[in-house]
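Asks: Structure, please.
(3 chains)
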Amino acid sequence: MATSTTAVPSAGPVAGSRSFLSRLRDGDEIARLITFLFAASVVLITLLLVFELWQGSVLPRHKFGFNFFRTSVWDPIFDQFGALPFIYGTLVTAGVALIIAVPLGIGAAIFLAELAPARISDTLEFFIDLLAAVPSVIYGLLGVFIVVPLMREYIQPALKNTLGFLPLFQGPAYGLGFLTAGIVLAIMVIPYIISVSREVLLSVPRDQREAALSLGSTRWESTWKVVVPFARGGIMGSIFLALARALGETMAVTMVIGNTPTISASLFSPGYSIAAVIANEFTEATGAMYTQSLIELGLVLFILTFVLNGFARLLIVATSQRGAGMGHT
Amino acid sequence: MKRFAGLFLVVLCLAGIVWADSALSINGAGATFPYPMYSKWFDEYHKKNANLQINYQSIGSGGGIKQVTEGTVDFGASDLPMNEEQLKAYQDKHGSGILHFPTVLGAVVATYNIPGVTADLNFTPEALAGIFLGKITKWNDPAIASANNGVNLPTNDIVVVHRADGSGTTFIWTDYLSKISEEWKKTVGAGASPKWPVGLGGKGNEGVTGTVKNTPNSIGYVELIYAESNKIPYGSVKNASGAFVKPSLAAVSAAAAGAAKEMPDDFRVSITNAPGKAAYPISSFTWLLIPEKFSDASKRDALKGFLKWALDDGQNYAESLSYAKLPKEVVAKELKAINKIQ
Amino acid sequence: MLTMTGVCAVVAVAVLFFILGYLVYHGGTSISWNFFTKLPAPVGETGGGMANAIVGSAKLLLLATLIGVPIGFFGAIYLAEFSGGPIAFVVRYAADLLNGVPSIVIGIFAFTLVVQPFKHFSTLAGGFALGLMMIPITLRSTEEFLRAVPRALREGAMALGASKWKTISTVIVPAAYRGILTAILLAFARVAGETAPLLFTALGNRFWSPGWNQPTASLPAMIYTYAIAPYEDWHRQAWAAGLVLLGLILVINIVARAILSRGIAVPRS
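Replies: Numbering: from 1, shown residues only, chains lettered A, B, ... in the order given. Got it, this is the predicted structure:
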């Protein structure tokens, strides 16, 4: 032990010109340690979350295995749990939402990024950001008292009269159901699509645009044939983000989807989503199998959104880097 | 930043201290069926005993059973008695039992919203089972129309509304349907959250009432008070003696008369499809689920005090809220049972 | 086609004004002094207010801030100033992951982690859930703002012989102060309206919630309960609560943006 004392000065990690001891005295090492603990806690919390979801759903994973996703019986009385209707409902409502929100959102983003004068664009963007901040329970409130009656009285009968030959628009008009939930979700995710897509479009280098315009194309042609394809990845990213958000949305969907586990081709039919069934049944699930099946649903939701968010981020980053890279040339 | 955080902490501690010892809080959760009754009771009782707050959250009977078993609430409430398995689960987890205390009686009514129809409809058991099985899909189906001469029923599709959460109201309803329909018993059965053949789900009695009220041509089942206070019509049901009985306090009491005399010691009893000409067939007791052993003596004494009050003075609030008072025999038996709480 | 895109933009913005207009109209006619001062009335009776829910939300958000902001803030300092390479990547990745977790799943997590062991639905559990949601938002945006502080400032301080910690606390953080405040405000506004994680953590309460270990009412959860109930008077109060909540959130958003863009003078403590 005694010999090591002579080695201390040279063995200490020396960065720059200051020794470990002086940094310790200045508080650097303590600060590093403290901030590190905070940063590490983020990782810890996330790991714990994954662990709890995994650990909490052991029973149904063992008992049902892959059948959990293939069967549609959800019967707490006999401890039979199949998640198919919830997965179906989640995907269908999110799908409807995207069909409505994507054209509208991207259209608006193109307008804001390419065509509108900067001042108008910024002002509108400000309002759209506010729209993104409206809490989902308020969308639900509006859904229950405005969208649902509107659907029942006007939109669903109109669809039935015109497109009723399609299996999509058949059955009684309840007002509540897949279509209504999809529409409310669409309203909720449009701001996300606009915000992110506008950002991506704005990052497309000027010279791309100018080149197209100088070759004699119209404003619209340069936008549609040059700028949008250039930003395609990022726009796709915004759509994935919106999708992730739509899949995980709870309150607004619970309030308007009808809360019945059904798989039906008709969009008028009431349905159920993963998030909604957790919200409705988690406090009352008696028995370990029931509770753990709900937690497994949570796990499914977590994995779905995790994958989508990952995709989205990759696409957005790739596009804006491409833009940045070309901008410097 | 740090100063801000410090300030927050101080505020936090102060607030915690100020609020901490102001009152004794007891938390309960469960059935939505007696929620109007309980919220009135706990409100009145709080007025009499300012330092006691009993917070009741209507999360459904299934939730009441689960949360009291988990120990996350002090007491539960349910419209279906706990079954043997649930009692055992409680016993295993806590090492002591749980007691059922009937508090009031109520009726589950078939409530509907048919534009243009203001008359009170008559429902035969077959019609109710058919509608909820999805076999009867139009309002002017002969099975409904035959019991309602002179009512102009529309050709519209019937919208069935049921509960989305695990519910004692659902249990009472399906328990009744199982007793009168073999097909129902075989395909759906009686339970708090059965697999529904058709319909929309609403959360709680509140949710079902809200959905029926907002959805033309719908039918749902709710506790009497929910239909009454929201002024939506509800139908008479043909009972075991063949008479159409409109849900009322007297008709509920009549249904309980038989059970009152032969009440088992643990109070777990079903009175659906009860005999008697005046009995409304879809009636039930509703229960508070109270642990036998409390670790906190002040909570125990407060709850015992409340129970005694609810069984005595509290009963007088029942009728104004469309619940039937407990029969005298049952009250006497319960007052004795209160001593089992330790 | 050009006009079509304009129409899209107008439609999107029109939705906001419609929502605002409808809420102001319905909520405005429903709001009253009682709403802010009274406890909820027994079921089915008219009158009463949401005083306990307003205080409950305030307590939940206070707790959320106390959990979310320190972790987010100090974590961001670590990311921006002390680390690099694999550790930073892992932390960032975890934060992004946490940010994407659906709020209902956060609710499950808080239930198993806080409610079950403590045997109580509580303000604590609800605040914990909301706090978790604040962490990634605060962390990532604070980091961005710290990184945006010009190199010259940093190097200047170091050249004068200041230690790294001294540089961070006296130069870098103050320089990024506005941005950080904005980040915190936006995170706060985001969780203020969250309902799903509260359903099985804070549960609800008819009365005042004493201390931190009891169930508590909150504005968003009350809006949900009241909106799906059949009572007219509850609908009225749900609109009023919606207006108050949305008003709060929009004001915070606008203030946050104003601080960032116009540079409203902020007293430094």
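
Asks: Count residues in the vicinity of residue 31, would you?
Replies: By default, I'm working from chain A. For A:Ala31, the neighbour count with other CB atoms under 10 Å in any protein chain shown is 22. From N, CA and C alone the C-beta is placed, and that goes for glycine too.

Asks: meant chain C actually
Replies: Counted with other CB under 10 Å, the neighbours of C:Ile31 add up to 19.

Asks: and it, what does it touch?
Replies: If you count contacts by CB atoms under 8 Å, 6 or more residues apart in numbering or on different chains, C:Ile31 has them with C:Ala240, C:Leu243, C:Val244.

Asks: what sits against B:Ala31?
Replies: Taking CB under 8 Å, 6+ apart, we find B:Ala31 in contact with B:Ser58, B:Gly60, B:Ser61, B:Gly64, B:Ala77, B:Ser78, B:Asp79, B:Ser167, B:Gly168, B:Thr169, B:Thr286.

Asks: Distance check, it against B:Trp173.
Replies: B:Ala31 sits at a distance of 13 Å from B:Trp173 (criterion: CB to CB, to the nearest Å).

Asks: Over to C:Phe74?
Replies: If you measure C:Phe74 against B:Trp173 using CB to CB, the figure is 55 Å.

Asks: Give me the more crowded residue out of these two.
Replies: Neighbours of C:Phe74 and B:Trp173, each counted by other CB under 10 Å, are more numerous for B:Trp173; the result is 26 against 21.

Asks: which one is that one nearest to, not counting chain neighbours?
Replies: Once its chain neighbours are removed from consideration, B:Trp173 has its nearest residue in B:Tyr221; the separation is 4.8 Å (CB to CB, 6 or more residues apart in numbering or on different chains).

Asks: Would you map the strands across the chain?
Replies: Answering for chain A, as no chain was given. For chain A, the strands defined by DSSP state E cover A:74-75, A:80-81.

Asks: right idea, wrong chain: chain B
Replies: In chain B, the segments counted as strands under DSSP E are B:24-30, B:52-58, B:75-78, B:98-113, B:122-123, B:159-163, B:200-202, B:218-223, B:236-238, B:244-245, B:283-291.

Asks: What's the nearest residue in the stretch 51-200 of chain C when you look at chain A?
Replies: In the stretch 51-200 of chain C, the residue that lies nearest chain A is C:Gly193 (2.3 Å; CB to the nearest CB).

Asks: Return the set of buried residues in the helix or strand hosting C:Phe73.
Replies: Taking DSSP states H and E as the definition, one finds C:Phe73 inside helix C:51-77. Applying a neighbour-count criterion of 16 or more other CB atoms under 10 Å in any protein chain shown, one finds C:51-57, C:59-77 buried in helix C:51-77.

Asks: How many residues are close by the residue nearest to A:Asn67 when sequence neighbours are not counted?
Replies: Take A:Asn67 and drop its neighbours on the chain: the residue closest to it by CB to CB, 6+ apart is A:Gly82, 6.8 Å away. A count of neighbours around A:Gly82, defined by other CB under 10 Å, yields 20.

Asks: And B:Thr118, by the same measure?
Replies: The burial metric for B:Thr118, expressed as a neighbour count using other CB under 10 Å, is 8.

Asks: now do B:Thr32
Replies: Taking other CB under 10 Å as the neighbour definition, B:Thr32 ends up with a count of 33.

Asks: State the phi and psi torsions of it.
Replies: With angles defined as degrees, to the nearest 10, B:Thr32 shows backbone torsions of phi -90, psi -20.

Asks: Let's see the pLDDT reported for it.
Replies: What the model reports for B:Thr32 is a pLDDT of 86.

Asks: so it sits right up against B:Val208, yeah?
Replies: No. Using CB atoms under 8 Å, B:Thr32 makes no contact with B:Val208, being 9.1 Å away.

Asks: In the stretch 51-200 of chain B, which residue sits closest to chain C?
Replies: Each residue of the stretch 51-200 of chain B has a distance to chain C, by CB to the nearest CB, and the smallest belongs to B:Gln53, at 4.3 Å.

Asks: ok, now which ones touch the nearest residue to that residue once chain neighbours are set aside?
Replies: Once its chain neighbours are removed from consideration, B:Gln53 has its nearest residue in C:Phe207; the separation is 4.3 Å (CB to CB, 6+ apart). The neighbourhood of C:Phe207, defined by CB under 8 Å, 6+ apart, consists of B:Ala23, B:Ser25, B:His46, B:Gln53, B:Asn55, C:Leu39, C:Asn52.

Asks: quick one: C:Phe207 from chain A, how far?
Replies: Note on C:Phe207: its distance to chain A, by CB to the nearest CB, to the nearest Å, is 20 Å.

Asks: coming back round to it: the residue nearest to A:Asn67 is in contact with A:Val73, isn't it?
Replies: Yes. With contact defined as CB under 8 Å, A:Gly82 counts as touching A:Val73 (4.9 Å).

Asks: Tell me how many other residues crowd B:Ser236.
Replies: Close neighbours of B:Ser236, defined as other CB under 10 Å, add up to 21.

Asks: for the stretch 151-269 of chain C, which spans come out with low pLDDT?
Replies: For the stretch 151-269 of chain C, residues meeting the criterion pLDDT under 70 lie at C:262-269.

Asks: any idea where the helices of it begin and end?
Replies: With DSSP state H, counting those that start in this stretch as the definition, the stretch 151-269 of chain C shows helices at residue ranges C:151-159, C:164-167, C:173-175, C:177-192, C:196-199, C:219-228, C:232-261.

Asks: Would you mind measuring the gap between the ends of stretch A:137-155?
Replies: For stretch A:137-155, the first-to-last residue distance is 23 Å (CA to CA, to the nearest Å).

Asks: do that stretch and chain C meet?
Replies: Yes. For stretch A:137-155 and chain C, the contact criterion (CB under 8 Å from any CB of the partner chain) is met by A:Val137, A:Ile138, A:Gly140, A:Leu141, A:Leu142, A:Val144, A:Phe145, A:Ile146.

Asks: And for stretch A:93-108?
Replies: Yes. Judged by CB under 8 Å from any CB, stretch A:93-108 and chain C are in contact via A:Pro103, A:Leu104, A:Gly105, A:Ile106, A:Gly107, A:Ala108.

Asks: coming back round to it: now the phi/psi pair for the residue nearest to B:Gln53, please.
Replies: Summarising the backbone geometry of C:Phe207 under the convention degrees, to the nearest 10, its torsions are phi -110, psi -170.

Asks: for chain C, what are the nearby residues on the stretch 201-342 of chain B?
Replies: Residues of the stretch 201-342 of chain B lying near chain C (CB under 8 Å from any CB): B:202-204, B:206-207, B:209-210, B:213, B:225-226, B:229-230, B:321.

Asks: Just the ones in helices from the residues you listed, please.
Replies: The helices, defined by DSSP state H, take in B:Gly204, B:Glu206, B:Gly207, B:Thr209, B:Gly210, B:Lys213, B:Ile225, B:Tyr226, B:Ser229 from these.

Asks: ok, now which ones touch the fifth one?
Replies: It refers to B:Gly210. Contacts here follow CB under 8 Å, 6+ apart; on that basis B:Gly210 touches B:Gly202, C:Ile228, C:Ala229, C:Pro230.

Asks: got it, and the last one?
Replies: Neighbouring residues of B:Ser229 by CB under 8 Å, 6+ apart: B:Pro36, C:Gly44, C:Pro230, C:Tyr231.

Asks: Chain neighbours aside, what residue packs nearest to the third one?
Replies: The one in question is C:Pro230. On the basis of CB to CB, 6+ apart, the spatially nearest residue to C:Pro230 that is not a chain neighbour turns out to be B:Thr209, at 3.7 Å.
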